[in-house]
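Student: Show me how the following folds:
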Amino acid sequence: MIKILVAGFKGKMGATATKMVLNHDQFELVGVLDPFEEKGNLNELIEYPTINVPIFKTKEAVLSVQPDVWIDFTIPAVAYENTRFAIEHNISPVVGTTGLTEEQLAELTDRSKELQVGGLIAPNFAVGAVLMMQFAQKAAEYFPDVEIIELHHDNKRDAPSGTAIKTAEMMSEVRAKKKQGHPEEEELIEGARGADFDGMKIHSVRLPGLIAHQQVQFGGIGEGLTIRHDSYDRSSFMTGVALGCEKVVHLEKLVYGLENLL
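Tutor: Model (predicted):
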C-alpha cells in the first residue's frame, strides 16, 4: 500500500484526486492538507461522511502520518514550498500545480538528487495530452510555422498554461529557428498576436465551461496540420496521477513531465 497525502483537496482537481486515491486498491489516503479548513476530519464534511481521514492545517503536522507520496494541486507559491518540504522529509511529490519558475524547478530537482527522493511535476496528467505534445514535437521537424491555442476554465491563474509552455519547449528542440508572420506586422491592439516563444505564438483562452484543451496548428505551403487534445472531465487526469504515485516511490530524483514515466 502506498500512503498518500493530498494538498489542495478542496479544489476541483484536488477533490478529484482525493476520490481517486480513496477508490484505488493500492493506495491509502492518510491525510489531506488545507490551512483554511476548519474541520479536523473528512468525515465531518458532507462529501465524505464515512471516511475517517485527518485534515491537516500545517505541513509539519502531516509528518505524523508518514506519507509516501504528496499529491499537490494548490497554487504556484504554495506548491513550491510544499514540494520542497516533501523532498526534505523523504516524501515523493506528485505535483500538478503549474506556474513554477525554471529556477524553482531546477532548485527542486537538484535537491531531490542530493537526497535521492523521487518525484514528478507534470504540466498535464492526461495521457492524451502527453501524446499530443510528442506528436507536435515530431511535426515541428517538418512544419516550423506553428501556433498554439490553449483553452482553459476561467479560474486558471497562469497563462500560458504549463502544457502550452512544455509543448513549445519540446517543439523548439527540433524546430528550425524562424520568426513567424510578416516582418512589418503591427499589432493594432497589444497582445493580439499572442505570447512569443522562440518565434512561435501562444494564445490563451479563459472561459467558463471549459476544462483543459490545446490545439497545435501547423501551416505549410498548400496544407495545414492540426493536433488537438480535449479534457472534457477532470477524471481524464487521474490515470496519470495514479501512475505518478505508483512510479515516484521507485525514482531517485524529481522528473518534469509525465512522458518520463510512460
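Student: Report the secondary structure state of Ile55.
Tutor: Recorded secondary structure, Ile55: strand (DSSP: H, G, I helix; E, B strand; the rest coil).
Student: Make residue 1 into 785 and carry on from there
Tutor: Will do, 785 is the new start, and the previous item becomes Ile839.
Student: My guess is it contacts Gly815. True?
Tutor: Yes - applying CB atoms under 8 Å, one finds Ile839 in contact with Gly815, separated by 7.4 Å. (Each C-beta comes from the backbone N, C-alpha and C, glycine too.)
Student: Which one of the two is surrounded by more residues?
Tutor: Remark: of Ile839 and Gly815, Gly815 carries more neighbours, 24 against 21, as counted by other CB atoms under 10 Å.
Student: From the contact counts, what lies against the helix or strand where the more buried one lies?
Tutor: Using DSSP states H and E, Gly815 sits in strand 811-817. For strand 811-817, the elements it packs on are strand 786-791, helix 796-807, strand 839-840, helix 843-846, judged by 3 or more CB pairs under 8 Å, 6 or more residues apart in numbering; DSSP states H and E.
Student: Which SSE is immediately downstream of the last one?
Tutor: Taking DSSP H and E as the definition, the helix or strand that follows helix 843-846 towards the C-terminus is strand 853-856.
Student: who touches the helix or strand following that following strand?
Tutor: Once the chain leaves strand 853-856, the next helix or strand it forms, by DSSP H and E, is helix 860-872. Contacting residues not belonging to helix 860-872 are listed as 791-792, 817, 843, 854, 856, 858, 876-877, 879, 881-884, 888, 891-892, 895-896, 899, 901, 903, 905, 941-942, 1038 [CB atoms under 8 Å, 6 or more residues apart in numbering].
Student: can you tell me how far the residue of the chain most remote from its centre sits from Phe869?
Tutor: Computed with CA atoms, centre = their mean, the residue of the chain farthest from its C-alpha average is Glu968, at 36.8 Å. In this view, Glu968 and Phe869 are 51 Å apart by CB to CB, to the nearest Å.
Student: Spit out the contact partners of Glu968.
Tutor: Contacts of Glu968 (CB under 8 Å, 6+ apart): none.
Student: whoops, I mixed them up, Glu934
Tutor: Taking CB under 8 Å, 6+ apart as the criterion, Glu934 is in contact with 944-945, 947-948, 986-989, 997-999.
Student: Any quick PyMOL command for the buried ones out of the residues you listed?
Tutor: To isolate the buried members of these in PyMOL, using 16 or more other CB atoms under 10 Å:
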select buried, resi 944+945+947+948+986+987+988+997+998+999
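Student: among the contacts of Glu934, which are in strands?
Tutor: 986-989, 997-999 (DSSP state E).
Student: want to try a markdown table for those residues, with pLDDT and distance to Leu1045 as columns?
Tutor: Below are those laid out as a markdown table (pLDDT from 0 to 100; distance: CB to CB, whole Å):
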| residue | pLDDT | distance to Leu1045 |
| --- | --- | --- |
| Ile986 | 98 | 26 |
| His987 | 98 | 29 |
| Ser988 | 98 | 27 |
| Val989 | 98 | 29 |
| His997 | 97 | 23 |
| Gln998 | 98 | 20 |
| Gln999 | 98 | 25 |
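Student: which two from the residues you listed end up farthest apart in space?
Tutor: Spatially, the most separated pair among the ones in strands among the contacts of Glu934 is Ile986 and His997, at 13.7 Å (CB to CB).
Student: of the contacts of Glu934, closest to Val1025?
Tutor: Using CB to CB, the contacts of Glu934 come closest to Val1025 at Thr947, 14.9 Å.
Student: if I look at that closest one, how far off is Val853?
Tutor: Taking CB to CB, one finds Thr947 at 22 Å from Val853.
Student: Excluding chain neighbours, give the residue nearest to Ala913 in space.
Tutor: His1013 (4.8 Å; CB to CB, 6 or more residues apart in numbering).
Student: Could I have the CA atoms of the helix or strand harbouring the one you found written out in PDB?
Tutor: His1013 belongs to strand 1007-1015 when assigned by DSSP H and E. Output of strand 1007-1015 as PDB, limited to C-alpha atoms (Å, rounded to 0.1, in the frame of the first residue of the first chain):
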ATOM      1  CA  GLU A1007      -1.600  22.400 -46.400                       C
ATOM      2  CA  GLY A1008      -2.100  22.500 -42.700                       C
ATOM      3  CA  LEU A1009      -2.000  20.100 -39.800                       C
ATOM      4  CA  THR A1010      -3.900  20.400 -36.500                       C
ATOM      5  CA  ILE A1011      -3.200  18.400 -33.400                       C
ATOM      6  CA  ARG A1012      -5.700  18.800 -30.700                       C
ATOM      7  CA  HIS A1013      -6.400  17.300 -27.300                       C
ATOM      8  CA  ASP A1014      -9.500  17.900 -25.100                       C
ATOM      9  CA  SER A1015     -10.100  17.000 -21.500                       C
END
